[in-house]
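J.: Return atomic coordinates for the entry below.
(one chain, ligands or ions: 2)
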Amino acid sequence: MFAFLLAVGILIPSALGQFPCPNAIDILPCHCTADGEDIDMDCSNINVVDQIEHAFMADMPFTAFRKLTIARDLDQNAVPIESLGDRVFGDATFREVVISNSYLSDIGNNVFEKSFSTLESLTLSHGLLNRYNFATLNLFNQLTHLDMSHNRLSFVSDIISNSLQLIDLSWNGGFFYSPELLVGAPGLTHIYLQNIDMHDLTPLMFAAQGHLDTLDLAGNFVHMMPSDGLWFPNDTVTNVVLDNNFVLDLSIEFIFGTSNKLSLSMRNNSLSDFTAEIWQPVLEKVSGNTKSRIVLGETNIQCGCNIAWLVTSTKYMRVFDSTNQCADGSLFSDLDPDSFAHCP
Ligand SMILES: *[C@@H]1O[C@H](CO)[C@@H](O)[C@H](O)[C@H]1NC(C)=O
Ligand SMILES: *[C@@H]1O[C@H](CO)[C@@H](O)[C@H](O)[C@H]1NC(C)=O
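T.: Ligands and ions are numbered 1, 2, ... in the order given. Model (predicted):
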């Protein structure tokens, strides 16, 4: 018996595949790897979508996979799939799915229905997706990570999920959404909405996010930060990114309810003033923690007596980033507090 196994193993190892994977030849050009009980399927080399369906029709010792990958590096040709129909993965279930750098524009409403109770992480990025059935998200009761960045989504319906922790909808220019977009996902810790053509920040849009750590709104068209635009309910937020917007106007309490430790980054905006009325409450809240940072980079702020209140406070200046520049290019951190002594 032992000799027989040995002989088979030596003679046709590739035909046998590697238990618990299916027979390697049956699933080509997909390939399967196993690490203990974790079985991964990689179909990144397919030429036509039928090859996926064919692979998943093979005899499988196990249909519970850890990870499905259909992805190529961005400097390679995109994976030539345009649509995924509902039955393409047969009975297979997945905990993690990564489909990236493809021509995928259409995905069946129930493609991953077998994975409703297993899927933890879904990445459908760098494709041409115009729509996705977000209404089924709540059926994935283990789903914590959803990355749909770099697509062409034109509409995102309100997200309902108790498990979701991270959502990335970045680089989908101009999709429609309601201000209640994320109200039904109270477990979110990380929200990425870079480059979505957001023009207006609706007050209280993040008011349901009692676990939020990071909010990234870089690369949008926000000109004006209204009161309560960044209102957070539970003092958990430590990282807010507003780089590459057009922020000029700030209202009192435009940001409220962050953690005492906050990194607020507003590089490359249009700030032309830094008034105590608006900023002192923010600095009071966060400057007790020396790890906090207010990052503005180059600004249009005239550094005269208007900022004496800031420059003469060592506590505030400790968290005011050392790269922040006045309109004339001088660094705030180089300003001599003594030279503001004459200010009223
Ligand atoms: C507030 O945050 C704490 C963790 O800092 C968390 O345990 C609690 O559930 C949160 N409350 C709400 C209402 O989200
Ligand atoms: C500044 O922001 C604008 C608008 O988002 C962007 O087009 C530009 O590339 C940014 N500049 C830098 C240096 O990042």
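
J.: OK, contacts around Asp243?
T.: When contacts are counted by C-beta atoms under 8 Å, 6 or more residues apart in numbering, Asp243 touches 218-219, 265-269. C-beta: built from backbone N, CA, C; applies to glycine.

J.: now do 10 Å
T.: 194, 216-220, 265-269, 295-297 (C-beta atoms under 10 Å, 6 or more residues apart in numbering).

J.: Now, of those residues, which are buried?
T.: 194, 216-220, 265-269, 295-296 (16 or more other C-beta atoms under 10 Å).

J.: export those residues to a markdown table and tack on secondary structure?
T.: Shown next, in a markdown table, are the buried ones among the contacts of Asp243 (DSSP: H, G, I helix; E, B strand; the rest coil):
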| residue | secondary structure |
| --- | --- |
| Gln194 | coil |
| Asp216 | strand |
| Leu217 | coil |
| Ala218 | coil |
| Gly219 | coil |
| Asn220 | coil |
| Ser265 | strand |
| Met266 | coil |
| Arg267 | coil |
| Asn268 | coil |
| Asn269 | coil |
| Val295 | strand |
| Leu296 | coil |
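
J.: tell me which of the residues you listed is nearest to Ser117?
T.: Nearest to Ser117 among the buried ones among the contacts of Asp243 is Asp216, at 30.0 Å by C-beta to C-beta.

J.: okay, among the contacts of Asp243, which ones form the most distant pair?
T.: Across these (C-beta to C-beta), the longest gap, 18.5 Å, separates Gln194 and Leu296.

J.: Over to the closest residue to ligand 1 within the stretch 101-250 of the chain. Which of the three states is it?
T.: Going by C-beta to the nearest ligand atom, ligand 1 is nearest to Gly210 of the stretch 101-250 of the chain, at 2.1 Å. Three-state assignment for Gly210 (three-state DSSP): coil.

J.: show me what contacts it?
T.: Counting by C-beta under 10 Å, 6+ apart, Gly210 has contacts 186-188, 232-236, 257.

J.: follow-up on the earlier one: of the contacts of Asp243, list those near ligand 2.
T.: Restricting the contacts of Asp243 to those near ligand 2 by C-beta under 6 Å from any ligand atom leaves 219, 268.

J.: TSV please, covering the contacts of Asp243 and showing pLDDT.
T.: Formatted as TSV, those follow (pLDDT from 0 to 100):
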residue	pLDDT
Gln194	98
Asp216	98
Leu217	98
Ala218	98
Gly219	98
Asn220	98
Ser265	98
Met266	98
Arg267	98
Asn268	98
Asn269	98
Val295	98
Leu296	98
Gly297	98
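
J.: I'd assumed Ser170 was in contact with Asp197.
T.: No. Using C-beta atoms under 10 Å as the test, Asp197 is too far from Ser170 to be in contact (11.3 Å).

J.: who's more crowded, these two?
T.: Set Asp197 next to Ser170 and count neighbours by other C-beta atoms under 10 Å: Ser170 wins out with 21 against 11.

J.: and the more buried one, what is it in contact with?
T.: Taking C-beta under 10 Å, 6+ apart, we find Ser170 in contact with 125, 147-151, 191-196, 216-219.

J.: Try it again at 8 Å.
T.: Shown in contact with Ser170 (C-beta under 8 Å, 6+ apart): 149-150, 192-196, 216.

J.: Just the ones in strands from those, please.
T.: When DSSP state E is applied, these are split such that 192, 216 fall in strands.

J.: Buried residues, stretch 324-334. List them.
T.: So for stretch 324-334, counting by 16+ other C-beta under 10 Å, buried means 324-326, 332.

J.: ok, residues contacting that stretch?
T.: Counting by C-beta under 8 Å, 6+ apart, residues outside stretch 324-334 touching it are 272, 294-303, 307, 310-311, 317, 320, 322-323, 335.

J.: Among those residues, which ones are in strands?
T.: Using DSSP E, the contacts of stretch 324-334 in strands are 294-295.

J.: number of nearby residues for Asp137?
T.: Actually, residue 137 is Leu. It isn't Asp. Leu137: 22 surrounding residues under other C-beta under 10 Å.

J.: same question but for Asn109, I mixed them up
T.: Using other C-beta under 10 Å, Asn109 has 11 other residues around it.

J.: Without its sequence neighbours, what residue ends up closest to it?
T.: Asn133 (4.5 Å; C-beta to C-beta, 6 or more residues apart in numbering).

J.: Quick check: the one you found touching Asp106?
T.: No. With contact defined as C-beta atoms under 8 Å, Asn133 does not reach Asp106; the gap is 11.0 Å.

J.: still on that earlier bit, need the max-distance pair from the buried residues of stretch 324-334.
T.: Among the buried residues of stretch 324-334, Asn324 and Cys326 lie farthest apart (C-beta to C-beta), at 8.2 Å.

J.: all strands for the stretch 151-300 of the chain, in order.
T.: All strands of the stretch 151-300 of the chain, identified by DSSP state E, counting those that start in this stretch, fall at 166-168, 190-192, 214-216, 224-225, 230-231, 237-241, 249-250, 255-256, 258-265, 293-295.

J.: Give me the helices and strands touching the longest one, please.
T.: Right, strand 258-265. strand 237-241, helix 276-286, strand 293-295 (3 or more C-beta pairs under 8 Å, 6 or more residues apart in numbering; DSSP states H and E).
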